[in-house]
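In: what would the 3D arrangement of this be:
(one chain, ligands or ions: 1)
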Amino acid sequence: MGTKRRGLILDRDGVINIDRGYVGSVTQFDFMPGLFPFLRAAVDKGYLLAVATNQSGVARGFYSEQDYEAVTAHMLAELRRETIDISLTLACFAHPEGKIAPYAFESFWRKPNPGMVLEAVRRLDLEAGRSAFLGDALRDMQAAQGGGIGNCLWLTQEKTAPKGVALVPDFTAALERL
Ligand SMILES: [Mg+2]
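Out: Numbers count the residues shown, from 1 in each chain. Coordinates of the predicted model:
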């Protein structure tokens, strides 16, 4: 057994908050039902929590990096009120077809690429093989696997999963896998 911590890395839209499509303001941000007890239980099991989110809405010009930061500050403050601490929040604003020039590129951080997962593992000194990723998109699972995460949990109503991915229809099922 290593001495490194295990992490639970979470996608944001569709996992932390209801995915309304390009959520760029606090008024559009509503937490997923059942999230808080799930995260508290994960912490009780010894997981550090991190968020890794694609935010191409910035590259597309739907909202700004500052808008994203305001939403993140709200998210972290509300979670802290619920006694839940997120150790690290990473976002990728880039998209190859973005309209905003500084963000219009293919980024290694953009899921399904593993950049953000590798960064979270490095920054939090996680043992990737004993860590988990919970996401609602296939590209989350691809990023997690590319980053060496051992426990890839797909929050979905899909019935078939790629090799090495566990289907979890809800937070209760996800918790059973941690
Ligand atoms: Mg998502």
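In: angles on the backbone of the residue of the chain found nearest the ion, please.
Out: Residue nearest to the ion within the chain (Cβ to the ion): G14, separated by 3.5 Å. The way it works is simple: take the backbone N, C-alpha and C, and place the C-beta from them, glycine included. Backbone geometry at G14, expressed as degrees, to the nearest 10, gives phi 90, psi 0.
In: what's the local residue count around it?
Out: 17 (other Cβ atoms under 10 Å).
In: report the contact partners of it.
Out: M32, G135, D136, A137, L155 (Cβ atoms under 8 Å, 6 or more residues apart in numbering).
In: which residues does the third one contact?
Out: Residues in contact with D136, defined by Cβ under 8 Å, 6+ apart, are D11, D13, G14, V15, D19, W154, L155, T156.
In: same thing but at 6 Å, please
Out: Counting by Cβ atoms under 6 Å, 6 or more residues apart in numbering, D136 touches G14, V15, L155.
In: for it, which non-adjacent residue is closest in space?
Out: G14 (3.7 Å; Cβ to Cβ, 6 or more residues apart in numbering).
In: neighbouring contacts of the lengthiest helix in the chain?
Out: Ordering each helix of the chain by length in residues (DSSP state H) puts helix 65-81 first. Contacts of helix 65-81 with the rest of the structure, by Cβ under 6 Å, 6+ apart, involve G24, V26, F29, Q55, V58, I86, T89.
In: give me the neighbour count for the first one.
Out: Taking other Cβ under 10 Å as the neighbour definition, G24 ends up with a count of 18.
In: surely it is in a helix?
Out: No: using DSSP: H, G, I helix; E, B strand; the rest coil, the assignment for G24 is coil, not a helix.
In: I'd guessed it sits against Y63; true?
Out: Yes: between G24 and Y63 there is a contact under Cβ atoms under 6 Å: 2.8 Å.
In: get me the contact residues on this structure for the ion.
Out: D11, D13, G14, D136, A137 (Cβ under 5 Å from the ion).
In: just send the residues you listed back as JSON lines, with secondary structure, pLDDT and distance to R81 too.
Out: Putting the residues of the chain next to the ion into JSON lines (DSSP: H, G, I helix; E, B strand; the rest coil; pLDDT from 0 to 100; distance: Cβ to Cβ, whole Å) gives the following:
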{"residue": "D11", "secondary structure": "coil", "pLDDT": "98", "distance to R81": "22"}
{"residue": "D13", "secondary structure": "strand", "pLDDT": "98", "distance to R81": "21"}
{"residue": "G14", "secondary structure": "coil", "pLDDT": "98", "distance to R81": "22"}
{"residue": "D136", "secondary structure": "coil", "pLDDT": "98", "distance to R81": "24"}
{"residue": "A137", "secondary structure": "coil", "pLDDT": "98", "distance to R81": "28"}
